[in-house]
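**Q** Just the structure for this:
(one chain, ligands or ions: 1)
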Amino acid sequence: MLDALTRGANATPLAAYIPVDIAREHLLIAARAIADAYPDLDVLPVCADFTAPFDLPPVKKSAGRRVIYFPGSTIGNFGPRAAANLLGGMAAECGPDGGVLIGVDLQKDPHLLHAAYDDSAGVTRDFNLNLLARINRELGGDFRIDHFRHHAFYQPRHGRVEMHLISLADQSVHVGPTRFRFREGESIRTECSYKYTLGGFRDLAGRAGLDVRRVWTDDRRLFSVQYLTPAGQP
Ligand SMILES: C[S@@+](CC[C@H](N)C(=O)[O-])C[C@H]1O[C@@H](n2cnc3c(N)ncnc32)[C@H](O)[C@@H]1O
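**A** Reported below is the predicted structural model:
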């Protein structure tokens, strides 16, 4: 995206690029790499939780419109109400003349979703089980990771993929001083990833005061990138 904005015939002078992420170390490494690759661009990283209000740093060059870029399909990790709140916050933050460029994963054949969230290489399985390793490491847990298995499925009623960790035995686990008992087959729901129709996302954006102005999809309509502006913008 930065290439398209900074190079070539349609280059748009950018006042600054402000990457926001909660993971400080990863954010600072990525921001440094971007600053090195685009020496004329002011890169001003902000370590913050984007679900809560936070301050943006002052920008030296004068800015035209403010565009919030929310790539990937992170919006899908929020339930409908939280997603509408987050989009509403973006509408307020970008201001009446700004916009939101956002990635939105689309509803598709559940077989494709199952293959993505339960891949044969086991990448998503390892990602999911890693939560238990992190609880052990960071919260003083004693999960036996081989006593749980990854399970992911598409739940059509909610239009979402659910990821679970299923207990393979009757067991009890401590996290710090707290004991949790699991029966064999009992599950921990670790993640939801909502998939939208174009109409469904238009309605969600509308509830947050945003109009969908442009939609780009791949040929198979598996994924979309959408440009939204606050309602009423000409
Ligand atoms: C799955 S990654 C997606 C990264 C990127 N959007 C992409 O498409 O490649 C999610 C990113 O969002 C960050 N993140 C998740 N929740 C966050 C929050 N509440 N506030 C700020 N950053 C958050 C994570 O640290 C991670 O870098």
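
**Q** From here on, just use CA atoms for contacts and neighbour counts.
**A** OK.

**Q** Alongside the ligand, which residues does the protein contribute?
**A** Residues of the chain lying near the ligand by Cα under 6 Å from any ligand atom: 21-23, 48-51, 71-72.

**Q** I'd like the distance between Cys94 and the ligand.
**A** Taking Cα to the nearest ligand atom, to the nearest Å as the measure, Cys94 and the ligand are separated by 17 Å.

**Q** and that residue, how many neighbours?
**A** Number of residues near Cys94 (other Cα atoms under 10 Å) recorded here: 17.

**Q** one step back: just curious, which of the residues of the chain next to the ligand is nearest to Gly95?
**A** Of all these, the one sitting nearest Gly95 is Phe50; the distance, using Cα to Cα, is 16.6 Å.

**Q** Show me the strands in this protein, by range?
**A** Secondary structure of the chain, counting by DSSP state E: strands at 20-21, 46-47, 67-70, 99-105, 148-155, 160-167, 171-175, 178-182, 187-194, 210-217, 223-230.

**Q** In CSV: those, plus distance to Tyr38.
**A** Written out in CSV, the entries for these read as follows (distance: least, Cα to Cα, whole Å):
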stretch, distance to Tyr38
strand 20-21, 18
strand 46-47, 18
strand 67-70, 18
strand 99-105, 21
strand 148-155, 40
strand 160-167, 37
strand 171-175, 45
strand 178-182, 49
strand 187-194, 33
strand 210-217, 26
strand 223-230, 24
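
**Q** For Lys60, find the nearest of the ones you listed.
**A** For the strands of the chain, the distance to Lys60 is smallest for strand 46-47, at 15.8 Å, taking Cα to Cα.

**Q** Among the residues of the chain next to the ligand, which are located in helices?
**A** Taking DSSP state H, every one of the residues of the chain next to the ligand sits outside helices.

**Q** Before I go, just wanted to say thanks for your time.
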